[in-house]
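Student: Next input, structure requested:
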Amino acid sequence: MPSTRRPGRAHRTWLVVVLAGVVAACSPAGDGDTTAPTAPRGTEMATGSPPGTSATSDVDWAPPPCDRPPTEPPEATAVPGSASDLDVTSFDGTPIRAHWFPHPDATAQDPAGTVLMGPGWSLPGDTDVDAVGLFGAIDIGTLRDAGFNVLTWDPRGFGESAGTAMIDSADVEGRDVQVLLDWVAAQPEVQLDDAGDPRLGMVGGSYGGGIQFVTAARDCRVDALVPVVAWHSLVTSLYKSEAPKTGWGTLLVEAGESGSVDPHARSAMDHATTQGTISEEDVAWLAERGPGELVDDVEVPTLIVQGTVDTLFTLDEGVDNYRILRDDGVPVSMLWYCGGHGTCLTDPGDEERVKDAAVAWLQHWVLDDATVELGPVVEVLDQYGATYAFDDYPVPTDAELSATGAGSLSLIADGGSGPAVPPPDSPGRRAAWGRAAVHPGPRRAAVEVAVPTPADPVLVLGAPMLRLRYSGTSGSSHVYAQIVDETTGLVLGNQVTPIPVTLDGSVHTVEIPLELVAHTTDPGKHLILQIVSSTVAYAQASPGGEIQFDEISITLPVAAGVTPTGAP
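Tutor: Numbering: from 1, shown residues only. A predicted model of the protein is given here:
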């Protein structure tokens, strides 16, 4: 089938019709030498149906035109002694170190599509063609084998790039990437949709995921995104319910000391560790780091990959981004895997899922290869490595597990939830990120409520809802809730949720969703709600006092009549 592109690009039209979960591009190709090859390079990588990806179903989708005028290529200087490195002069004169790996067969007569791959926080861009990056990110070699040129770069403030890191600011790092797009568009082996407009997708994890949303919101030249364990808001992720996530925050600030970082990052964490809060000025600064409202301006197909055990950017950060894109009619899929900013202490299942899904997404949407079949809109993973497919999120529920209880909790600063202790045979024991002692774990000194499970296994999927009626007197502003699996002794998804409390001696009620989980129950085993006074994940509570829970109510949503679509 001939390739097609966006309306207004080389006078072509593009209409995507999704039928029965299979995406097919159906419109005539235009004239000129910018047309993609009918059989793009790398299609041999796309046999079968990679799990976990699909465009929004049952909709006709046509992206808006990209009318951005061509820009003069930026000044770029080759780095002596390196075949791949160059310094690109950004919008404000700051040199950004880039690393260019063109497809070995790409030429001016037969150009290739391009992928920009951003690194994680504090890291330089990848330069090892075969090494897989953090968070399950794709390696340069896989992308080249799949038919792409690849550009990586050292973000501003890190590696060999100058300047000060502004945490994926749209007005700073976003503009840096736009300049990189200008440079890419001028390379002879790069396929174009129009003058100055490269056919291009983006991949990358964490910091390299956030920059994708920021860039695509500002620049219509981006054609597809695969953000891995990115965030929606640094306020909701680092300051959930006004509880500072000091476990991860401290690690991130320390990692940032390898480069040059805006001082707000340090001041926010200093305030959090000394006072248990973040100043209003720093909260406003975090809110501006995006992507936040910028996601509403993203108009390109996006595969959101989020980690079930990610305790920094939890599943709800990805769900927020998914819902915005879905409601805007943008093709979007979501895949959950056992990874991210966290330690996978259970069965990870097929560890090629993320790579396979990302390659398929890019080949389909960037190379316009309609022969690449895409899987379900939403695919989740349970603790046994089994996958479940859905047409949307949240998923339909037909039941819930519930329990009630009561009790009292002494408010002490030490000995709270975590750090988790990986089982001896756990893959997480060998993981680099598993060495960070910021992961929640079971707690003996806790108020507990046992939740019975049915005789047959069911999939608990979504956010458990907790309701507390309580009273107490203390300086503490939060308690923390987690759910422990009686079978393994592990906290579900390693997740703990801060619960805001007012301890003024009066009776108060709070109802709040806990972190999202995906968990298959074991017959005869309980799920145990634990309420604790402190955790390694968040700022230490003010010690002293006691809280009395007159009523504790927990409900867990159960996915309706599902069976696994894949097993490890």
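
Student: now the strands: where do they sit in the stretch 251-400 of the chain?
Tutor: Remark: strands assigned in the stretch 251-400 of the chain by DSSP state E, counting those that start in this stretch are 302-307, 332-337, 378-381, 387-390, 397-410.

Student: Show me where the stretch 351-500 of the chain dips below the pLDDT cut-off.
Tutor: The model of the stretch 351-500 of the chain has pLDDT under 70 over residues 423-436.

Student: coming back round to it: is it possible to export the strands of the stretch 251-400 of the chain to TSV including mean neighbour count and distance to Glu546?
Tutor: Where you see a C-beta, it was placed from the backbone N, CA and C, and this is true even at glycine. As requested, the strands of the stretch 251-400 of the chain are exported to TSV (neighbours: other CB atoms under 10 Å; distance: least, CB to CB, whole Å):
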stretch	mean neighbour count	distance to Glu546
strand 302-307	28	36
strand 332-337	28	38
strand 378-381	26	39
strand 387-390	21	42
strand 397-410	15	5
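
Student: Nearest to Ile138, out of those strands?
Tutor: The closest of the strands of the stretch 251-400 of the chain to Ile138 is strand 302-307. By CB to CB, the value is 10.6 Å.

Student: how about stretch 185-196: buried residues?
Tutor: Residues Ala185, Ala186, Gln187, Glu189, Val190, Gln191, Leu192, Asp193, Asp194, Gly196 are the ones in stretch 185-196 that count as buried (16 or more other CB atoms under 10 Å).

Student: mind checking the end-to-end distance for that stretch?
Tutor: Start-to-end span of stretch 185-196 (CA to CA, to the nearest Å) is 5 Å.

Student: How far does it sit from its chain's centre?
Tutor: Remark: stretch 185-196 is offset 29 Å from the chain centroid, using CA atoms, centre = their mean, to the nearest Å.

Student: And the average pLDDT for it is what?
Tutor: Taken as a whole, stretch 185-196 has an average pLDDT of 96.

Student: what do you get for stretch 70-82?
Tutor: Computed over stretch 70-82, the average pLDDT equals 95.

Student: Can you tell me the closest non-neighbouring residue to the residue nearest to the spatial centre of the chain?
Tutor: Nearest to the geometric centre of the chain sits Val229, at 2.1 Å (CA atoms, centre = their mean). Nearest residue to Val229, sequence neighbours excluded (CB to CB, 6 or more residues apart in numbering): Gly340, at 3.9 Å.

Student: How about the contacts made by the one you found?
Tutor: The contact partners of Gly340, taken as CB atoms under 8 Å, 6 or more residues apart in numbering, are Phe135, Gly205, Ser206, Val228, Val229, Gln306, Gly307, Thr308, Val309, Asp310, Leu312, Phe313.

Student: Could you check the pLDDT of the fifth one?
Tutor: So that's Val229. As predicted, Val229 sits at a pLDDT of 96.

Student: what does the third one give?
Tutor: As predicted, Ser206 sits at a pLDDT of 95.

Student: Bridged to Gln530, which residues?
Tutor: Bridge pairing for Gln530 (DSSP bridges) gives the partners Glu448, Gln482.

Student: re the thing from before, tell me which of the contacts of Gly340 is nearest to Asp356?
Tutor: Val228 (13.3 Å).

Student: The closest one contacts Gly205, doesn't it?
Tutor: Yes. Using CB atoms under 8 Å, Val228 makes contact with Gly205 at a distance of 3.9 Å.

Student: May I have the residues that are in contact with the residue nearest to the centre of the chain?
Tutor: 135, 205-206, 209, 305-307, 310, 312-313, 318, 339-341.

Student: Backbone dihedrals for Ser474, both of them.
Tutor: Here is the backbone geometry of Ser474 (degrees, to the nearest 10): phi -170, psi 170.

Student: before we move on, what about the one 4 residues further on?
Tutor: Listed backbone geometry of His478 is phi -150, psi 150, with angles given as degrees, to the nearest 10.

Student: Distance of it relative to Leu514?
Tutor: Note on His478: its distance to Leu514, by CB to CB, to the nearest Å, is 13 Å.

Student: swap in Gln482?
Tutor: In this view, Gln482 and Leu514 are 8 Å apart by CB to CB.

Student: list residues touching both of the two?
Tutor: Residues touching both Gln482 and Leu514 by CB under 8 Å, 6+ apart: Gln495, Thr497.

Student: The two: which has the busier surroundings?
Tutor: Neighbour comparison, Gln482 and Leu514: the larger count goes to Gln482, with 27 against 22 (by other CB atoms under 10 Å).

Student: I figured that one hits Gln495, correct?
Tutor: Yes. If you go by CB under 8 Å, Gln482 and Gln495 touch, sitting 6.6 Å apart.

Student: What count of nearby residues applies to His439?
Tutor: Neighbour tally, His439, other CB under 10 Å: 30.

Student: before we move on, what about Pro457?
Tutor: 12.

Student: Same question for the one 10 residues further on.
Tutor: For Arg467, the neighbour count with other CB under 10 Å is 14.

Student: Which residue is the nearest non-sequential neighbour of the residue with the largest distance to the centre of the chain?
Tutor: Using CA atoms, centre = their mean, the residue of the chain lying farthest from its centre is Gly505. It sits 40.7 Å away. Nearest non-adjacent residue to Gly505, counting by CB to CB, 6+ apart: Thr473, 5.0 Å away.

Student: beta partners of that neighbour?
Tutor: Asp504, Glu546.

Student: Which of the contacts of Gly340 sits closest to Leu345?
Tutor: Within the contacts of Gly340, proximity to Leu345 (CB to CB) peaks at Val309, which comes in at 7.2 Å.

Student: Tell me how far the nearest residue to that closest one once chain neighbours are set aside lies from Pro440.
Tutor: Spatial nearest neighbour of Val309, chain neighbours left out: Gly342 (3.8 Å); criterion: CB to CB, 6+ apart. Distance, Gly342 to Pro440, using CB to CB: 10 Å.

Student: list residues touching both of the two?
Tutor: Common contact partners of Gly342 and Pro440 (CB under 8 Å, 6+ apart): Thr311, Asn494.

Student: can you pull out the helices in the protein?
Tutor: Using DSSP state H, the helices of the chain run over 140-145, 173-185, 207-218, 234-238, 246-256, 264-275, 280-287, 315-327, 353-365.

Student: how far is the fourth one from where the chain is centred?
Tutor: Averaging C-alpha coordinates over helix 234-238 and over its chain gives two centres that are 13 Å apart (CA atoms, centre = their mean).

Student: again with stretch 94-111
Tutor: Centre-to-centre, stretch 94-111 and its host chain are 27 Å apart (CA atoms, centre = their mean).

Student: Then stretch 482-495?
Tutor: Averaged C-alpha coordinates place stretch 482-495 at 22 Å from its chain's average position (CA atoms, centre = their mean).

Student: likewise stretch 355-362?
Tutor: 15 Å.

Student: just stretch 536-549 next, same as before
Tutor: 30 Å.

Student: Check stretch 294-312 too.
Tutor: Offset of stretch 294-312 from its chain centre (CA atoms, centre = their mean): 5 Å.

Student: cool, and stretch 445-454?
Tutor: Mean C-alpha position of stretch 445-454 versus that of the full chain (CA atoms, centre = their mean) differs by 30 Å.

Student: Kindly report the same for stretch 438-446.
Tutor: Going by CA atoms, centre = their mean, where stretch 438-446 is centred and where its chain is centred differ by 25 Å.

Student: tell me which residues of that stretch are tucked away?
Tutor: Buried residues in stretch 438-446, counted by 16+ other CB under 10 Å: Val438, His439, Pro440, Gly441, Pro442, Arg443, Ala446.

Student: Looking at the residues you listed, which is nearest Gly249?
Tutor: Gly249 lies nearest to Val438 out of those, by CB to CB, at 9.3 Å.

Student: so that closest one sits right up against Val309, yeah?
Tutor: No. Using CB under 8 Å, Val438 makes no contact with Val309, being 11.9 Å away.

Student: quick revisit: which neighbours do Gln482 and Gln495 share?
Tutor: Common contacts of Gln482 and Gln495 (CB under 8 Å, 6+ apart): Pro440, Leu514.

Student: quick one, what contacts Gly545?
Tutor: Ser410, Leu411, Gly472, Thr473, Ser474, Gly475, Ser476, Leu503.
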